[in-house]
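> here are the coordinates; sequence isn't available:
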Ligand code: PMP
C-alpha cells in the first residue's frame, strides 16, 4: 500500500536528502548549542495584537516600512518572507524553468541553494570556491553561465566565515549583467556591516540580496527574512509567494525588533559576539587538538581538528553540540562552532583542553 503511494513521489524527491538542519540532526538535549549560528541569548517581546480571526496582509505594510527604513531602501525594493530560506526558494520558483534553466552555487557554502534547486527540478552547476583563498572562481563561473538564471553567493560565507572580495562581487555583477541574477545571501552581514552590497542595488538591476532576523537580531524562532532587489524583481516574487506567509505575531515582533532601541541592542549583541569570537579564536590556537582556526567575519568559526571525529563525539556526549563539516568539499576534518556566551565558550575550551591532554601526544596526531 505505502509502496504504491511512494511510487507517486517525483523522482528528484525520492532521491533527495533533505537539508540537515541543526534541529533535524538532533542534540537538542545538549546544554550548549553551538550548531545553528543562533544568538546564544534571547530578547523578550510581547505581542501587541490580541485578535487573530482575520488573515494578515501578504506583505505587512508596517513591517516592510520598518525594514526599508533599517536598510535605507525604498518600500518597493523589499519582500518579507518566512526566513531567508523562503527567499532562496521563491527566486528559483519565479526565475528557473524546471528541466531547462540552471543555478550556480559555490561550495563549500550554505546547502539550501542546492537543495531548493533540486526540489524544483532545476539543474545545479557547482563551481567551488578557490581552494586556500575561498574566493570566487570567476573564470569558471563565466565559462558556465549558459542556462544559468541565478548565481548564489553567501557573503560572509557559511560555513567558512570569510568575506568575498568586493571587486570580485562587482566583476560577477558585470559578467552576469543581462544574463543572470546574482543573489548575495547576507544572512550574517550585521557582523561585518560595511561589506553589504545593498548600495549597489541602484547600479545593478541583476542584484538580489537576502537578509534575515534569525542571526544578529536573535529571532531565529519567528522565521522572518527579507529579499532586497529592484522593484520589478520584488513584484515578480510577490506573484509566487503564498497568500499569507507572515503571521500577525511574527510581523508584530519583527516590527518591534526594528525600532531604534532594539537596533541598538542588536549592535551591542554583535559587538559582544565579535569580542567573544576573538577570545575563543585566541584560546583555540593554543589547544593541541586544534590544527587550524580560520578567520571569521561572522558569529561562528570554522576549525580544523586533529582527531576531529573523536573531538566532535566527546563534546556531543558532554552536551556541547557543534556542527560537523567534514563531508563538504575542501573542509576535511573541519567543525563549525557558533559563538556562544563567554561562559559557553569557556566550557568548550575547558573540554577541548581536557580532550587534548587525554588523547594527544606527539607523533600520534593523525586520524583517518
Ligand atoms: N542563509 C544562510 C547563509 C544561513 O546560514 C541561513 C540559516 N542557517 C539562512 C540563509 C536561512 O536563514 P533563515 O533563518 O532566515 O531562513
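Received the coordinates, thanks. All values derive from a computational prediction rather than experimental measurement. Numbers count the residues shown, from 1 in each chain.
> which residue sits closest to the most centrally placed residue in the chain, ignoring its sequence neighbours?
For the chain, the residue nearest the mean C-alpha position is residue 187 (5.2 Å; C-alpha atoms, centre = their mean). Using C-beta to C-beta, 6 or more residues apart in numbering and skipping the chain neighbours, the partner closest in space to residue 187 is residue 212 (4.8 Å). Quick note: C-beta positions are derived from backbone N, CA and C, even for glycine.
> how far away is that neighbour from residue 206?
Look at residue 212 and residue 206: by C-beta to C-beta, to the nearest Å, they are 22 Å apart.
> neighbour-wise, which of these two wins?
Neighbour count, other C-beta atoms under 10 Å: between residue 212 and residue 206, residue 212 has more, with 24 against 20.
> show me what the more buried one is bridged to.
residue 225 (DSSP bridges).
> who's in contact with it?
Neighbour list for residue 212: 83-84, 187, 224-226 [criterion: C-beta atoms under 8 Å, 6 or more residues apart in numbering].
> with residue 92 instead?
Residue 92 touches 103, 116-117, 120, 122, 150, counting by C-beta under 8 Å, 6+ apart.
> what's the closest non-adjacent residue to it?
Nearest to residue 92 is residue 120, by C-beta to C-beta, 6+ apart, at 4.9 Å.
> quick one on the thing from earlier: in strands, which of the contacts of residue 92 appear?
Judged by DSSP state E, the contacts of residue 92 include 103, 150 as members of strands.
> what's the neighbour count on the residue in the stretch 51-200 of the chain that the ligand sits nearest to?
Using C-beta to the nearest ligand atom, the closest approach of the stretch 51-200 of the chain to the ligand is made by residue 83 at 2.4 Å. As a burial measure, residue 83 scores 21 neighbours (other C-beta under 10 Å).
> what's near enough to touch the nearest residue to residue 22 once chain neighbours are set aside?
Spatial nearest neighbour of residue 22, excluding adjacent residues (C-beta to C-beta, 6+ apart): residue 36 at 3.6 Å. Applying C-beta under 8 Å, 6+ apart to residue 36 gives the contacts 21-23, 220, 323, 338.
> out of those residues, who's nearest residue 128?
residue 323 (19.7 Å; C-beta to C-beta).
> next one: phi and psi at the closest one?
phi -120, psi 120 (degrees, to the nearest 10).
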